[in-house]
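Asks: For reference, the sequence and a predicted model appear below.
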Number of protein chains: 2
Amino acid sequence: MRDAFHDELDAVGAQLVEMAKLSESAITRATRALLEANLSEAEAVITADQHLDALREDLDTRLLHLVARQQPVATDLRMVLTSMRMNDDLERMGDLARHVAKVARRRYPGTAIPEELRPTFASMGQVAAQLVAKAGEVIATHDVAKAMQVEGDDDEMDRLHSTMLRTVLDGRFRPEITTEEAVDLALCGRYYERFADHAVTVAKKVVFIVTGKDADYYLDHVD
Amino acid sequence: MRDAFHDELDAVGAQLVEMAKLSESAITRATRALLEANLSEAEAVITADQHLDALREDLDTRLLHLVARQQPVATDLRMVLTSMRMNDDLERMGDLARHVAKVARRRYPGTAIPEELRPTFASMGQVAAQLVAKAGEVIATHDVAKAMQVEGDDDEMDRLHSTMLRTVLDGRFRPEITTEEAVDLALCGRYYERFADHAVTVAKKVVFIVTGKDADYYLDHVD
């Protein structure tokens, strides 16, 4: 039988999963706004981020009270403290999606992303959404093996990000790239990369909750 | 007479102050590396960041044990949990200084920053260093009034950052700016801005430790 403390921990996990879904939706919609010069979608992402911020505040207060009231130890304590950090990561991912949406809004009715780079950014949006979806599953299931996959999946984001920057700097395919485009591309690339980094961090934190060891410990010991 | 718990909390505070000093040194040296194309300075910042990472790991473990063993409540609990987050912020500031140093290394023996923008980046480096120095003082003294100033001081970073980006995009003073320069300038600008944001976050967290209220609560109520 579950006690009140563990019921509450389950509710914390459910809220983190919900926040992962909101971040996934945010980055998907922000990518659409960016690629399709969709102003209403950009505005929706920017507005929706306030909800994620409010969820973070609420969860943070609940977690603080949970530690104060229940004085958990061992795995339970690890879970509460690590949830605080995952909460920060997921809220930050919403901010990064909002930054992408703001670039889309700033360039409307134009688009920040030159035609040639749209497929790359579309892929970055998809990978970002997949990473946070998987991080959400990891939070829900505490599946350590899946958590370990997230770091590998992030290599795809790094590859896309490098390809994008190389294409921008190379200048062969589109020598007339403007300074404004270069700035937007550099910043948007950075937002997607950081979004993915936070998804990896969330997954690694679940490994820490379950095992008490950093994910890197296991990655270092994989054959 | 202080008990062992409060002695340990003092030691935590001292380590956070030390980390603020290391971040201050890192951003100051990274700025020098960037502006003077100083490769050894860039390498020094990149290497030194490992020490900051190790300090973070060590402090994080100590804080976890402190909660588990001492089961603090009220202000003491707030201080421990908030110190965990300040630890994350200060470590992240070291990462951001490292990113600046890596741009300097990548462009060596050239420089990433065009002549005309060096004074702006020199100022951004100074403001970043001053912000983290003040955040360190706030950690040491729990001076709420000074903590409130940090957010105001960050306006200067925002101003410098906007001026820099406007100058880059304006194109009047240096129409021949290259795509590579535009990418470097956008990313470096972002690194300084985020460094400053983390300093503000640290200062705000001290307000939360001392008062139990978010700094924004007070800022909203200032006449």
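Replies: Thanks, I have the structure now.
Asks: who in chain A is up against chain B?
Replies: When proximity is defined as CB under 8 Å from any CB of the partner chain, chain A approaches chain B at A:64, A:67-68, A:71, A:73-74, A:77-78, A:81, A:84-85, A:88, A:165, A:168-169, A:171, A:177, A:179-180, A:182-183, A:185-187, A:190. From N, CA and C alone the C-beta is placed, and that goes for glycine too.
Asks: Separate out the buried members of those residues.
Replies: Buried positions within the residues of chain A next to chain B, assessed by neighbour count (16 or more other CB atoms under 10 Å in any protein chain shown), are A:64, A:67-68, A:71, A:77-78, A:81, A:84-85, A:88, A:165, A:168-169, A:177, A:179-180, A:182-183, A:185-187, A:190.
Asks: thinking again about what came up before, next step: the residues of chain A next to chain B restricted to helices.
Replies: A:64, A:67-68, A:74, A:77-78, A:81, A:84-85, A:88, A:165, A:168-169, A:179-180, A:182-183, A:185-187, A:190 (DSSP state H).
Asks: thinking residue A:188 is in contact with residue A:113, fair?
Replies: Yes - between residue A:188 and residue A:113 a contact is recorded at 7.3 Å, counting by CB atoms under 8 Å.
Asks: joint contacts of the two?
Replies: A:34, A:121 (CB atoms under 8 Å, 6 or more residues apart in numbering or on different chains).
Asks: Which residue does chain A have closest to chain B?
Replies: Distance from chain B to each residue of chain A (CB to the nearest CB) is smallest for residue A:182, at 3.6 Å.
Asks: what residues does stretch A:115-124 touch?
Replies: A:31, A:34-35, A:113, A:157, A:160-161, A:163-164, A:167-168, A:173-174, A:185, A:188-189, A:192.
Asks: Output that stretch in CSV with nothing but the alpha carbons.
Replies: Extracted in CSV, the C-alpha atoms of stretch A:115-124 (Å, rounded to 0.1, in the frame of the first residue of the first chain):
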residue,chain,number,x,y,z
GLU,A,115,14.8,28.0,-47.9
GLU,A,116,17.9,25.8,-48.2
LEU,A,117,18.2,25.3,-44.4
ARG,A,118,14.5,24.6,-43.7
PRO,A,119,14.8,20.8,-43.9
THR,A,120,17.7,21.0,-41.3
PHE,A,121,15.6,23.1,-38.9
ALA,A,122,12.6,20.9,-39.5
SER,A,123,14.8,17.9,-38.4
MET,A,124,16.1,19.9,-35.4
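Asks: Could you give me the buried positions within it?
Replies: Neighbour counts over stretch A:115-124 (16+ other CB under 10 Å) mark A:117, A:120, A:121, A:122, A:123, A:124 as buried.
Asks: Could you name the helices and strands sitting against the host helix or strand of residue A:61?
Replies: Using DSSP states H and E, residue A:61 maps to helix A:39-70. Judged by 3 or more CB pairs under 8 Å, 6 or more residues apart in numbering or on different chains; DSSP states H and E, helix A:39-70 is in contact with helix A:4-36, helix A:74-107, helix B:74-107.
Asks: got the angle for that helix vs helix B:39-70?
Replies: Relative orientation of helix A:39-70 and helix B:39-70, computed by axes from the mean of the first three to the mean of the last three CA atoms, to 10 degrees: 50 degrees.
Asks: pLDDT of helix A:39-70, averaged?
Replies: Throughout helix A:39-70, pLDDT has a mean value of 96.
Asks: Which positions within it qualify as buried?
Replies: Applying 16+ other CB under 10 Å to helix A:39-70 flags A:41-42, A:44-46, A:48-49, A:52, A:55-56, A:59-60, A:62-64, A:66-68, A:70 as buried.
Asks: Okay, angle between it and helix A:4-36 too, please.
Replies: Using the same axes, to 10 degrees, helix A:39-70 lies at 160 degrees relative to helix A:4-36.
Asks: from the chain's centre, how far out does stretch A:90-109 sit?
Replies: 13 Å (CA atoms, centre = their mean, to the nearest Å).
Asks: Flag every buried residue along that stretch.
Replies: Those would be A:90-105, A:107-108, for stretch A:90-109 by 16+ other CB under 10 Å.
Asks: What would it look like as CSV? C-alpha coordinates only.
Replies: C-alpha atoms of stretch A:90-109 as CSV (Å, rounded to 0.1, in the frame of the first residue of the first chain):
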residue,chain,number,x,y,z
LEU,A,90,11.7,21.6,-18.2
GLU,A,91,10.7,25.2,-17.5
ARG,A,92,13.9,26.3,-19.2
MET,A,93,13.1,24.2,-22.3
GLY,A,94,9.8,26.1,-22.5
ASP,A,95,11.9,29.4,-22.5
LEU,A,96,14.0,28.1,-25.3
ALA,A,97,11.0,27.2,-27.4
ARG,A,98,9.7,30.7,-26.6
HIS,A,99,13.0,32.2,-27.9
VAL,A,100,12.5,30.4,-31.2
ALA,A,101,8.9,31.7,-31.4
LYS,A,102,10.2,35.2,-30.8
VAL,A,103,12.6,35.0,-33.7
ALA,A,104,9.7,33.8,-35.9
ARG,A,105,7.6,36.8,-34.6
ARG,A,106,10.4,39.3,-35.2
ARG,A,107,10.8,38.3,-38.8
TYR,A,108,7.1,38.0,-39.6
PRO,A,109,5.8,38.2,-42.4
